[in-house]
Each structure stands twice: as structure tokens, then as C-alpha cells.
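Participant: Sequence and predicted structure, then a few things I'm wondering about:
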Amino acid sequence: MTPSDYIFTSLNNIRKNRLRSILTIIGVAVAIGALTSMMSFGIGMQNNIRDSFEKNHLITQITVSIDNEQSDSVNVLNDSVLAVISALDGVEKAFFETTIPAKLKIGQAESTTTVKAIPGNYSKYFDDESYMAGGFLTSDTIKQIIVTDRFIKDRIREFDTINNPDSILHEYIGKEITLSAISIDFNPQNLFSAFSAIMSNKLPFRDSLTSFSLVGVVKQRQMNDWGTGAYISQKSAENIPQLNFDNVWDILNQKNILTQKSATVFTKGIRETESVQKKVQEMGYSARSILDNLEEVKKAFLIMDSLLGAIGIMALFIATLGLVNTLIMSIYERTHEIGILKSLGARNQLVRNLFIIEAGCIGFIGAVVGIPMGWGVTRVADFILFSKLFNDIEEEIHLFSFPWYLIIGAVGFAVIFSIVAGLYPAARASRIDPVKALRHE
Amino acid sequence: MPILEITNLVKDYSTGSTMVHALRGISCSISEGTTASIVGKSGCGKSTLLNILGGLDQPTKGLVNYKGQAISSFKSNRLADYRKTEVGMIFQSFNLIPTLTAWENIAMALAIGDIPRKRRKQRATELLGYMGLEDRTSHLPTELSGGECQRVAIARSIANNPKVILADEPTGNLDTETSGQIMTLLRKLNKEEGKTIIMVTHDLEYANNFADLIITMKDGQIIETKEKLPKS
């Protein structure tokens, strides 16, 4: 017999015992529905967290620094090291991300904040959804600035007086922002002039002012950029005098920045993050990414998935008992037919296959019915939870996710589980004595 | 040359605490192309003998040779293959699968015989035509008369072109006229197709009219073997 003969015969038998087959299929369908909806909850939750990390570029971001804890590690992080890191497989962009404490003035409003110097030609630094007005820096050399929505909203009174402050953000694009940075006004090689300045009650610092044009307003990042209020290009930052020292000896030694404290590496994806992080660590540097924390999150999800899956499998196990019962009843009713098949020359294996495939067909039909049921339940649950519980959240969140691999996996699981359940009845059917079977009424 | 050779065949089985000696040392041989009848009273062991010849049952002792091969020592799969290709069985109660139509019942035997799906309907229709049932191909067994059912069963038994047909009381459930038609059909299979036919019956008249060889059984033993001389 060909596989299609087995399937045809099995479907014929299922059709023949319609009521019992339907009840068994419903049992399998409910179990598969429960299993898929629970698994989809687990997947949905994981996706939400991963999306949130991805939106903030956390999954693809590695912070590289000199590893002070390892005595044998290298102690220089400079351009040549950065070039080596940039050349690693999976690295999209590597750069030194410097921060400048500065005072920003927009119109009459003035406030201190941290300004981050970022590569002016790397527009992927922010994803498209981050922009609330304007866009990324259009040039590495032109003095342009991006500010966070929180920075601008907290400092300009106009935003307090209107209902939808986001709607007027675009009006600020193109406005001038003055950046005021503190720099040292003293030459260590001419200590006399420095001391005379101090003696005349004048501190050796001065404000250096630079004008920028506002090109974009981005959402305040939630996780790794909490204190940053504005972003400028690295080229622009080079012209801003800064206090680049750790201690007084740096000043006295007229220390230039021969080594940087840390570098930021953007990778092409989550898989690359893992491998790049490992390679950088092998180079002797400290490399930190959110994946370190994500491992813990993954473990927590694994436990949650296992618990949800266990409940679903319990349901499937109960359905399996129903399936075994159906098949055993079927053997009892079809004993005579089994005798006929054997008298026609059917081997034991053929009879066994017939029952196994019948079980598989029941599992398959159960899955085909159960998966839409499970999907429907998750849609309803999503709707209720979102509309009743999380109705104050602006962004739409799907607590359940129904990816293709879940659907295919559920079908495969239902078929395999059903086949396993059918093994015992099938073995029993195949062992039936044909003479006794032919006498069976 | 004998197609089937039986030597000292014994079959015992237990029904609860009682041991039944169904066959007590039977020996005989049946030549190819013969029509043989096994006659005897109910419970004399004739159906048991037929089941062993058909490979449905195994003897307790003794030897059954089919074309020189000891089928009594065949393992399960080889015995199934023997049933599939070498013998066709016909039963008193027809033993058609009630949910399949006439042609599907025959197609099932063809499927077991590994005949390609495309050939099955054609072959089933041919066989049903041979049985005079061209217009009943798509009928379920419940929609057919007893005689028609038995003719479908005969068509099924020869579907895989076996050498031997074993018929267990094929007219037992039929009226005289239909029984006569079935006997004519079996004789036709013997004469035209050269099938060896072994029929179990309790009706001596049918046995005498039909068979070249009449084996009479009593209490699990052969008490008489009568061979009719070919008509000149």
C-alpha cells in the first residue's frame, strides 16, 4: 500500500466513526489550542522585551573599555585598537563615544546637560521611531545638534501650556542652540602666568561658546542614555575645548588623549553581538552588552515557558488518553475488518501502519482545528488586556505572538504526540489472530 | 504434480480448560488445476483445514507443502505474502468491508497486492464485469443481494491472480438458484483460468457435481478420498 492509500483508508475510518472521531479531534484541538495560546504568551512577552531592547539599540550595542580587573590585559584603547575592532566580523560601527558636560541655551532657556559626541555619518544611531521631529545630522562637519524631547520640553515653558506638546516640536527645528563648555584657561608651561591669574582672584577656567543648528528631536532613551540631553557630531566636538583629565597630573603633564576610556561598538545583529563581545574579550578588553543581562532574562523566560508548556502538555496528555480510547474502541469494532485485511494478505506491519496513520491524521486535524482556536483566544485576551488593563499605554503592545514556527511546531507536536499515542493500539491491532478476527462479529 | 501436499497434519487448540483436537493427523495431496471438495459434518475440522491451507492458521504438527515449499513453517510476513499472491479466499458470510463499495473492496485487495492506484479501478471493473456485475460497481455491500456480494467476494479473491481459491461454504447463505450460479462461476474459474479450487461444503450434491476430488472428514480425520475419473 502506498502512503496515500494509508491516508485515504485512515480518513475513511475517521469519517465512518464520525461522532467519536469528532469528539476525539475536539479533545486534541482544545489541548493544542491551550498549548499554543500559552506558548504564544511566552513568545509574546519575550518579543516585547527584545523589541524594547532593540529599539534602544541595546542588543546590538557593546561598550568596550580597558579591563582594570585583569592585570595582564592591555591598557591602551586608541584609534588603532578601534580599527582592529571595526574590522571584526559582525561589527557595523565602532567609535569613541565622548560626553561633554555643557550648558545649552535655546532662546531664553538655559540648562546644563550632558552632550554626547557621536559619529556624524552614522544615521542608524537612532532608529526611525526615535525621531519626534526633524532627523539625523546631515553633515559631520556642519555644527548641528539633536536634542531629546525631555530636554526641550522640560526647559521651554511653551510646552507646559498646550495639550499636545509633541505637535509643536517641529517648530524648533532650525533654531539656534548655543553650547557653552568649560575649558582651562592656563598654560602649564607658563606656570607664572597661571599663578598670577589665581592670585588676582581669577579662576583659570573660561566658557567657550559654540552655536549649533537644531536638526532633530529624539525620544529620551530609557535605558542607557538617561542623562544625555543632546547629541553632536564627533567632528564638531573636536573643536569644543573640554576638560579632558582625570587628575591634576594629567594637566601638568599636558597629557593628550593617548587612550580613551571606552568605545561603543554597534553590531549587525544579536548573533553578532555575542560573537563580537567574545572576540573583544579575547583581545583583553572589557566588553559589556545587554546580553549579559539578557541571559538572566532568558532563564526566567525558560522557566515561564516550561510552566506554560507543562500545562499545555497536561491538556494534550488528557487528549491523548481520549485518542488511545478511540483507537482501542476502533480496534474492537474493526476486528472483523482486520481479519479480512489479513486474509487478503495484509502483513502485521500494514495493519499497524493503518492505525498509526489514523492516529496521526486525528492529531493533524486536531492541530488544524486547535491552532485557530488558540489564535482566537489570544486575540480576545490581547484585546481585553490591552483595552481594559493597559489602556493608558500609548504604544500598542501585543502580549501574545503567533509566529510560523509555533504553528508548524504545534502541528508537528500534535501529529507526533498522536502517533506515539497510537503505537500501543496499533501494535495490539497488528497482533490480532486473523482466524479469530474473521469469526468476530 | 501436487500443488498442495498435506502430511500428518495435527491441529489442537484450547477453549478455556478444554483441549480441542480439530485435526488428528491428516494427509492428502491436491493436484494443480483440480477442483476439490472437503465434506463432512459441522465441527469435523474442514474449516480448520482450509484455514491452514490458506495460511490463516498454523498447524500444531505436520507439514503443508505448497509447490514444494513448507508453508507450515513460514513466519508471519512470508505467510502474509503467500495469502496475498498464491491463494484467494471466499467465505460463507462474504466478508466484504461494509463501508467500501464493490469496486473499492476489490481495490483494497489490489492495494494490498501493491498494484498501482491507476490500475486498480480498471482491474476491479474488469473483474466485476467478468462476474456480471458491471452495473453494481459503486454499490455498497448493503445495497447488494447475497449472490451479488458473493460474486464481489469471488472477484476480490482472484484480484491478485492466485493459483488456488479456497472457498469456505460459499453457498451456505444463498438460495438454491443463486448457489447454482456461484457454483457455475467457480467451475468457470477452474476451466477458463486454470485455478485450483478447494471448497468446503456440507452439501454432498454440490460436492459431487462440482469436484474432481472429494475428501470426506469426520472427527478431525479423513475417512474417505474419492477421485472422480475425468469424463471421456
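Facilitator: Good, I have the coordinates.
Participant: When you work out contacts or count neighbours from here on, use the C-alpha atoms and nothing else.
Facilitator: OK.
Participant: Give me the pLDDT for residue 168.
Facilitator: In the absence of a named chain, this looks at chain A. Per-residue pLDDT puts residue A:168 at 79.
Participant: you looked at the wrong chain, it should be chain B
Facilitator: Residue B:168 is assigned a predicted lDDT (pLDDT) of 91.
Participant: Secondary structure element for the residue of chain B at minimum distance from chain A, which one?
Facilitator: Minimum separation of chain B from chain A (CA to the nearest CA) falls at residue B:84, amounting to 3.8 Å. If you go by DSSP states H and E, residue B:84 is part of helix B:76-85.
Participant: packing partners for that helix?
Facilitator: helix A:335-343 (3 or more CA pairs under 8 Å, 6 or more residues apart in numbering or on different chains; DSSP states H and E).
Participant: what pLDDT, on average, does the helix it packs on get?
Facilitator: The average pLDDT for helix A:335-343 rounds to 91.
Participant: what is residue A:216 paired to in the beta sheet?
Facilitator: With DSSP bridges as the criterion, residue A:216 is bridged to residue A:134, residue A:146.
Participant: That one: what's it in contact with?
Facilitator: Neighbour list for residue A:216: A:131, A:132, A:133, A:134, A:135, A:136, A:137, A:145, A:146, A:147, A:173 [criterion: CA atoms under 8 Å, 6 or more residues apart in numbering or on different chains].
Participant: And residue A:434, by the same measure?
Facilitator: Shown in contact with residue A:434 (CA under 8 Å, 6+ apart): A:338, A:339, A:340, A:342, A:343, B:56, B:57.
Participant: In TSV: these, plus distance to residue A:77.
Facilitator: Converted to TSV, the contacts of residue A:434 look like this (distance: CA to CA, whole Å):
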residue	distance to residue A:77
A:338	79
A:339	82
A:340	83
A:342	80
A:343	84
B:56	86
B:57	87
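Participant: what about residue A:103, distance to chain B?
Facilitator: Distance of residue A:103 to chain B, computed by CA to the nearest CA, to the nearest Å: 85 Å.
Participant: And the pLDDT at that residue?
Facilitator: 85.
Participant: Kindly report the same for the one 5 residues further on.
Facilitator: As summarised for this prediction, residue A:108 has a pLDDT of 80.
Participant: Check residue A:304 too.
Facilitator: 81.
Participant: and residue 178, what is it in contact with?
Facilitator: In the absence of a named chain, this looks at chain A. Residue A:178 touches A:104, A:105, A:106, A:209, A:210, A:211, A:212, counting by CA under 8 Å, 6+ apart.
Participant: think we crossed wires, I meant chain B
Facilitator: B:147, B:171.
Participant: Apart from its neighbours in sequence, what residue is nearest whatever residue of chain A ends up closest to chain B?
Facilitator: For chain A and chain B, the shortest gap (CA to the nearest CA) falls at residue A:345, measuring 3.8 Å. Using CA to CA, 6 or more residues apart in numbering or on different chains and skipping residues adjacent in sequence, the residue nearest residue A:345 is residue B:84, 3.8 Å away.
Participant: now do residue A:92
Facilitator: residue A:267 is the one closest to residue A:92 (CA to CA, 6+ apart), at 4.9 Å.
Participant: Check the gap between that neighbour and residue A:62 for me.
Facilitator: Between residue A:267 and residue A:62 the computed distance is 8 Å (CA to CA, to the nearest Å).
Participant: May I see the buried residues of the helix or strand harbouring residue A:41?
Facilitator: According to DSSP H and E, residue A:41 maps onto helix A:18-55. Buried residues in helix A:18-55, counting neighbours by 16 or more other CA atoms under 10 Å in any protein chain shown, are found at A:20-22, A:24-48, A:50, A:53-55.
Participant: So, low pLDDT: which residues of the stretch 151-300 of chain A?
Facilitator: Counting by pLDDT under 70, the ranges of the stretch 151-300 of chain A that qualify are A:183-206, A:221-226, A:242-261.
Participant: Could you pull out the strands in it for me?
Facilitator: Here the stretch 151-300 of chain A has its strands, by DSSP state E, counting those that start in this stretch, at A:176-184, A:205-218, A:228-233, A:262-267, A:285-289.
Participant: Pick the most deeply packed of those strands.
Facilitator: Most buried of those, by mean neighbour count (mean count of other CA atoms under 10 Å in any protein chain shown): strand A:228-233, with a mean of 24.
Participant: what residues are up against the residue of chain A closest to chain B?
Facilitator: Contacts of residue A:345 were listed using CA under 8 Å, 6+ apart, and they are B:80, B:81, B:82, B:83, B:84, B:85, B:109, B:112, B:113.
Participant: The fourth one contacts residue B:52, correct?
Facilitator: Okay, so that is residue B:83. No - with contact defined as CA atoms under 8 Å, residue B:83 and residue B:52 do not form a contacting pair (10.8 Å).
Participant: Look at the two and report which has more neighbours.
Facilitator: Counted by other CA atoms under 10 Å in any protein chain shown, residue B:83 and residue B:52 do not tie: residue B:83 has more neighbours, with 26 against 18.
Participant: Next, the nearest residue to that one once chain neighbours are set aside: secondary structure please.
Facilitator: Computed as CA to CA, 6+ apart, the closest residue to residue B:83 that is not its neighbour in sequence is residue A:345, at 4.6 Å. Classification of residue A:345 by DSSP: H, G, I helix; E, B strand; the rest coil places it in coil.
Participant: Identify the residues contacting the spatially most central residue of chain A.
Facilitator: Centroid-nearest residue in chain A, with CA atoms, centre = their mean: residue A:50, separated by 2.0 Å. Applying CA under 8 Å, 6+ apart to residue A:50 gives the contacts residue A:59.
Participant: What are the buried residues along the helix or strand where residue B:123 lies?
Facilitator: Following DSSP H and E, one finds residue B:123 within helix B:117-130. Under the neighbour-count criterion of 16+ other CA under 10 Å, helix B:117-130 has B:120, B:121, B:123, B:124, B:125, B:126, B:127, B:128 buried.
Participant: Could you dump those residues into JSON lines with pLDDT and distance to chain A added?
Facilitator: Below are these laid out as JSON lines (pLDDT from 0 to 100; distance: CA to the nearest CA, whole Å):
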{"residue": "B:120", "pLDDT": "92", "distance to chain A": "12"}
{"residue": "B:121", "pLDDT": "91", "distance to chain A": "14"}
{"residue": "B:123", "pLDDT": "92", "distance to chain A": "16"}
{"residue": "B:124", "pLDDT": "92", "distance to chain A": "15"}
{"residue": "B:125", "pLDDT": "92", "distance to chain A": "19"}
{"residue": "B:126", "pLDDT": "90", "distance to chain A": "19"}
{"residue": "B:127", "pLDDT": "90", "distance to chain A": "16"}
{"residue": "B:128", "pLDDT": "91", "distance to chain A": "18"}
